[in-house]
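1. sequence unknown, structure follows:
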């Protein structure tokens, strides 16, 4: 009995921390799903919206020659504005001119946006990692299980945003318009819906979600540098989105949590001597399996 | 560039159908001779920079390799650092740990690159388009995170040494060695496009189902494209291993794969000359920015702070990609097409020729 209890405890911690990390993947995945629904593309710049936002928050909090020191709330608003603005600029300057090109060209372009963003972030922040404070210090403990307040904030924010997006697509005319544009842009514009405005809206929402994800992720991991989110969260987020079915909003959430938990379990149970960087291999395995066995994903309806 | 001014005069009084006059051929001969002099004589003479030139040649091979997948077959590969690194590790491991002769390490790198690419190609049979792009990306990352970190290959993390034989010690002899491989890759690419296999690949890019209806074996040619591309990248990786002398996993990261895609797109998808030039440009970007006085000063006036200078090359590369995609989908190849057309014996014209037949495919579209 004692042994079983020990094993149980060993499992709870990685599962919980994996699930929380998975929430961030889900948040980024939500943005990816949104853009896939709206534009039928994969956005490789999604994670970099988050890095830019997190770096902005840090810069606003610490202040500089040109920037007054701001309170946390204002800094976060600035970060969200930067992330959203970046997405809007991407839509206007890169996606719209290339919209009639093959989708793969657009995808390469979004990867270019990510690289450009990393360079511009580097202009301001430099390559060295910046230490980041969590939004709220401290943690709650239940036995051996320890959850920081930052992690609780992550779960709460994700739950609210996921619910909001689902309701948005289900019950608002604008949500329906986004789906209409993704399925038949020409017909949609014929019934008087501005394709450009819908596209901008979709990107703005995706940028906002990315920014939220970046700010939370940086706070939880305690560090940020240019390219941070792309390096650590983009691929799991893609896997989450594909796992849940690339068109399903709740699917991205479920996928994110699943990936996070699997990563943590593999990381804690498989010694790194056997496979170096286990978590990367786990992500690849899941992605490959889903694409080969059930390309529609867990909750997706179409491919 | 003075040669472009000469050319209209040389070709003005000839009809397009009969080909250039004697003077026209002489003018072209002068340009070819000048190019050959730069590549074969001038560059090796610049003792300090011949290493950069060798790397440029290696990137040229990678550009050709990636072009087979993206440019001809229309399969986006974001995991090319996997093939490249696989070649590098295979060559270094075989040569250093098992004492395989130098020449044979290239065969091993070729086979290993082709094998790794075949695995990915098998996946590509079932998955296409954006999903495939995602798979290639994660595939490269996985190789980077697993195979390139196994301590047996990396010499316990210190990096696997790869030493050149004595006759290649000198930088300029190694440069010629790389050039020979680039020439071979160019030849293979040229033969590929001119044969049934090449036309089959182009057909796959346009429409797989139509291609199949015309009797093209989609499975076979897709796998062929992947293996050929992987083999080329593997050999390029082996060359790179010998160029730097030590193979560590960090050198083959995701950003390298992105650089490969960038240079191929900026060079001009589907154009042999373009992708090689794109590779040369991106391999030598740091050199131009750091070591050429005029450019160095110009860059430093635009990018003032040390942080900015550190990211200047990244910025220029990424901005170059976006500008290319939006304003100039044919890349460098499209810009140079009047010149390259003239060099191939056609009259000089700043406007694209509509009637160039199958050759029109080259550099004409950024489809992938």
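-> Arrived safely. Values in this document were obtained by computation on a predicted structure and should not be read as measured data.
2. Could I get the full set of helices for the stretch 101-250 of chain B?
-> B:102-126, B:129-145, B:151-154, B:171-194, B:196-206, B:208-213, B:218-244 (DSSP state H, counting those that start in this stretch).
3. actually the stretch 51-200 of chain A, not the one I wrote
-> Counting by DSSP H, counting those that start in this stretch, the helices of the stretch 51-200 of chain A are A:72-90, A:103-125, A:149-171, A:173-183, A:185-190, A:195-221.
4. Just the mean pLDDT for the first one, thanks.
-> Just to be clear, that refers to helix A:72-90. Here helix A:72-90 scores 93 as its mean pLDDT.
5. coming back round to it: make TSV out of the helices of the stretch 51-200 of chain A and add mean neighbour count.
-> Yep, even glycine has a C-beta here, placed from its N, CA and C like the rest. TSV is the format used below for these (neighbours: other CB atoms under 10 Å in any protein chain shown):
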stretch	mean neighbour count
helix A:72-90	20
helix A:103-125	23
helix A:149-171	16
helix A:173-183	17
helix A:185-190	13
helix A:195-221	24
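6. Tell me which helix or strand comes right after the one helix or strand in chain B whose mean pLDDT sits lowest.
-> None of the helices or strands of chain B scores lower by mean pLDDT, DSSP states H and E than helix B:2-11, at a mean of 44. Using DSSP states H and E, the helix or strand that follows helix B:2-11 in sequence is helix B:22-37.
7. Show me what the helix or strand that that following helix is followed by is packed against.
-> Next helix or strand after helix B:22-37 toward the C-terminus (DSSP H and E): helix B:43-45. On a contact count with 3 or more CB pairs under 8 Å, 6 or more residues apart in numbering or on different chains; DSSP states H and E, helix B:43-45 meets helix B:50-67, helix B:171-194.
8. near chain B, which residues of the stretch 101-250 of chain A?
-> A:101-105, A:107-109, A:111-113, A:115-116, A:118-120, A:122-127, A:226, A:231, A:235, A:238-239, A:242 (CB under 8 Å from any CB of the partner chain).
9. let's see 6 Å
-> Within the stretch 101-250 of chain A, the positions near chain B by CB under 6 Å from any CB of the partner chain are A:102, A:104-105, A:107, A:109, A:111-112, A:115-116, A:119, A:122-123, A:126, A:235, A:238.
10. which one among these gets closest to residue B:292?
-> Nearest to residue B:292 among those: residue A:119, at 20.4 Å, using CB to CB.
11. hang on, that closest one packs against residue B:317?
-> No: here residue A:119 does not reach residue B:317: they are 8.2 Å apart, not a contact under CB atoms under 6 Å.
12. Distance check, residue B:34 against chain A.
-> 34 Å (CB to the nearest CB, to the nearest Å).
13. Just give me the neighbour total for that residue.
-> 13 (other CB atoms under 10 Å in any protein chain shown).
14. so what's it up against?
-> Residues counted as contacts of residue B:34 (CB atoms under 6 Å, 6 or more residues apart in numbering or on different chains): none.
15. what do you get for residue B:212?
-> Here residue B:212 is in contact with residue B:218 (CB under 6 Å, 6+ apart).
16. what do you get for residue A:56?
-> A:78-79, A:82.
17. Excluding residues flanking it in the chain, which one is nearest residue 76?
-> I went with chain A, as the question did not name one. residue A:57 (5.7 Å; CB to CB, 6 or more residues apart in numbering or on different chains).
18. I was thinking of chain B, sorry if that wasn't clear
-> residue B:133 (4.3 Å).
19. now do residue A:243
-> residue A:255 (3.5 Å).
20. Can you spell out which helices and strands pack onto whichever helix or strand that neighbour is part of?
-> Assigned by DSSP H and E, residue A:255 falls within helix A:249-269. Contact partners of helix A:249-269 among helices and strands, from 3 or more CB pairs under 6 Å, 6 or more residues apart in numbering or on different chains; DSSP states H and E: helix A:2-39, helix A:149-171, helix A:234-243, helix A:278-293.
21. At the contact with chain A, which residues of the stretch 101-250 of chain B appear?
-> So far as CB under 6 Å from any CB goes, the stretch 101-250 of chain B lies against chain A at B:127, B:130-131, B:133-134, B:138, B:141-142, B:145-146, B:149.
22. switch to 10 Å and redo it
-> B:123, B:126-127, B:129-135, B:137-151, B:154, B:157, B:205, B:249 (CB under 10 Å from any CB of the partner chain).
23. I'd like to know how far the closest residue to residue A:213 other than its chain neighbours sits from residue B:52.
-> Nearest residue to residue A:213 in three dimensions, chain neighbours excluded: residue A:27, at 4.0 Å (CB to CB, 6+ apart). According to CB to CB, to the nearest Å, residue A:27 and residue B:52 sit 43 Å apart.
24. And those two? Which one has more around it.
-> For residue A:27 versus residue B:52, neighbours defined as other CB under 10 Å are more numerous around residue A:27 (29 against 21).
25. any idea how far residue A:245 lies from residue A:253?
-> 11 Å.
26. For those two, indicate the residue with more neighbours.
-> More neighbours surround residue A:253 than the other of residue A:245 and residue A:253, with 29 against 25 (other CB under 10 Å).
27. How about the contacts made by that one?
-> Contact partners of residue A:253, counting by CB atoms under 10 Å, 6 or more residues apart in numbering or on different chains, are A:22-23, A:25-27, A:29-30, A:33, A:158-159, A:161-163, A:165-166, A:240-241, A:244, A:299.
28. try residue A:109
-> Here residue A:109 is in contact with A:41, A:43-45, A:90, A:94-95, A:97-98, A:101, B:265, B:321-322, B:324-326 (CB under 10 Å, 6+ apart).
29. Could you do residue A:89 as well?
-> A:113, A:203, A:207 are the contacts of residue A:89 under CB under 10 Å, 6+ apart.
30. Return the member of those nearest to chain B.
-> Proximity of those to chain B (CB to the nearest CB) peaks at residue A:113, which lies at 7.0 Å.
31. Pretty sure the closest one sits against residue A:87.
-> Yes: under the criterion of CB atoms under 10 Å, residue A:113 makes contact with residue A:87 at 9.5 Å.
32. Isn't residue A:168 up against residue A:175?
-> Yes: with contact defined as CB under 10 Å, residue A:168 reaches residue A:175; the gap is 4.7 Å.
33. For residue A:144, give me the pLDDT.
-> The predicted local confidence for residue A:144 is 73.
34. Against chain B, how distant is it?
-> 30 Å.
35. Also residue A:284?
-> Distance from residue A:284 to chain B, by CB to the nearest CB: 4 Å.
36. burial of that residue, as a residue count?
-> Residues near residue A:284, counting by other CB under 10 Å, number 22.
37. Tell me where the model's unsure across the stretch 201-303 of chain A.
-> A:270-277, A:300-303 (pLDDT under 70).
38. Mind doing that once more with 80?
-> Within the stretch 201-303 of chain A, the segments meeting pLDDT under 80 span A:267-281, A:292, A:294-303.
39. circling back: isn't the residue nearest to residue A:243 right up against residue A:297?
-> Yes: contact criterion CB under 10 Å: residue A:255 and residue A:297 qualify, at 7.4 Å.
40. And the two? Which one has more around it.
-> Using other CB under 10 Å, the more surrounded residue of residue A:255 and residue A:297 is residue A:255, with 32 against 23.
41. quick one: that one from chain B, how far?
-> On the measure of CB to the nearest CB, residue A:255 and chain B end up 14 Å apart.
42. Pick the most buried one from the helices and strands packed on helix B:43-45.
-> Stretch with highest mean neighbour count among those: helix B:50-67 (a mean of 26; mean count of other CB atoms under 10 Å in any protein chain shown).
43. now for that one, which elements pack on it?
-> Helix B:50-67 sits against helix B:43-45, helix B:80-92, helix B:171-194, helix B:218-244, helix B:254-267, helix B:272-283, helix B:285-291, with contacts defined as 3 or more CB pairs under 10 Å, 6 or more residues apart in numbering or on different chains; DSSP states H and E.
44. Show the contacting residues for the most centrally placed residue in chain B.
-> Geometric centre of chain B, nearest residue: residue B:63, 1.4 Å, by CA atoms, centre = their mean. Contact analysis of residue B:63 by CB under 10 Å, 6+ apart lists B:71, B:182, B:185, B:232, B:236, B:260, B:263-264, B:266-268, B:272, B:274-283.
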